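A.B. asks: Sequence first, predicted coordinates after that:
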Amino acid sequence: MRPPTQFGDNIAAEAENEPDPRMMSMMICTRLAGRAVIRVVGRCNEAKGNNNLDLSNCQLMQVPDAVYHLMRHTELKTCDLSDNVITKIPPKFAVKFSSITDLNLSHNQMAKLPDEIADLGSLERLDISHNTFISLPNCIFKISKLQQLNANNNHIIDVDVECLEEAPSLESVDLSSNPLSPRCHDRLSGISRIRITLTPREKEDWEDLTI
């Protein structure tokens, strides 16, 4: 039988050779982050050739400053930022990507947009579905050429109907799967100039005169 001291030394040596779980986690995170960066750079390079920037499903919490730098000599026509975890779009986005006609922000965690979005003078289609908006930002209605707006599956309770009706080019708005207030739902249902898609409203108990 080995002496206790030697036995203890062996245990200590084995413990020292055990990988630190925290270090392993950091290595995995670094590796994943590295892959995400490579993916973003690769897609930026593709966009230089086709003018369509696709950064969907890139684990982004925001649009990296490096993207604006890489795209500084490219006039983008479309930008897809869907399926990320983005919480906000910075004001400079509209300045850097002023020529885009199609912007997809769906499946993120946004609750607001910067007023500068109104400066996207060429934008025709905007998708903000599957986010956390509780109201439609009025800056959207100021986008001069916007024709199609998809805002389904948010938490939208109210819409400024007057601003919506005054939108210069708006043709269709999808507001389905939103908890719109009864008053807002009824007012939107009465709009004829713009095609509004709504989830049928269930009547409140007090509205059902048959009870």
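C.D. replies: That came through, no problem. Numbering: from 1, shown residues only.
A.B. asks: for this protein, what spans make up the strands?
C.D. replies: With DSSP state E, the ranges of strands along the chain come out as 52-54, 78-80, 102-104, 125-127, 148-150, 172-174, 195-197.
A.B. asks: Show me where this protein has its helices.
C.D. replies: Secondary structure of the chain (DSSP state H): helices located at 4-17, 21-50, 65-70, 92-96, 161-166, 182-189.
A.B. asks: Return the member of those having the minimum mean pLDDT.
C.D. replies: When mean pLDDT is averaged over each of those, helix 4-17 scores lowest at a mean of 49.
A.B. asks: Next, count neighbours for residue 61.
C.D. replies: Residue 61 sits with 12 neighbouring residues when counted by other Cβ atoms under 10 Å. (Glycine included, C-beta is placed from N, CA and C.)
A.B. asks: oh sorry, the question was meant for residue 160
C.D. replies: When counting by other Cβ under 10 Å, one arrives at 14 neighbours for residue 160.
A.B. asks: So it sits against residue 140, correct?
C.D. replies: No: taking Cβ atoms under 8 Å as the definition, residue 160 is not a contact partner of residue 140, at 10.0 Å.
A.B. asks: Save the strands of the chain as CSV, and put in mean pLDDT too.
C.D. replies: Shown next, in CSV, are the strands of the chain (pLDDT from 0 to 100):
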stretch, mean pLDDT
strand 52-54, 97
strand 78-80, 98
strand 102-104, 98
strand 125-127, 98
strand 148-150, 98
strand 172-174, 98
strand 195-197, 97
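A.B. asks: Of those strands, which is nearest residue 187?
C.D. replies: Among those, strand 195-197 comes nearest to residue 187, with 10.0 Å by Cβ to Cβ.
A.B. asks: Strand partners (parallel or antiparallel) of that closest one?
C.D. replies: Take DSSP bridges as the rule and strand 195-197 pairs in its sheet with strand 172-174 (parallel).
A.B. asks: Tell me the buried residues in the partner strand?
C.D. replies: For strand 172-174, a neighbour-count test (16 or more other Cβ atoms under 10 Å) marks 173-174 as buried.
A.B. asks: again with stretch 176-191
C.D. replies: Buried-residue list, stretch 176-191, by 16+ other Cβ under 10 Å: 176-178, 180, 184-185, 187-188.
A.B. asks: Repeat that for stretch 65-76.
C.D. replies: Buried residues in stretch 65-76, counted by 16+ other Cβ under 10 Å: 67-68, 70-71, 74, 76.
A.B. asks: and that stretch, how far apart are its ends?
C.D. replies: 16 Å (Cα to Cα, to the nearest Å).
A.B. asks: same question, stretch 167-187
C.D. replies: This stretch, stretch 167-187, spans 16 Å end to end (Cα to Cα).
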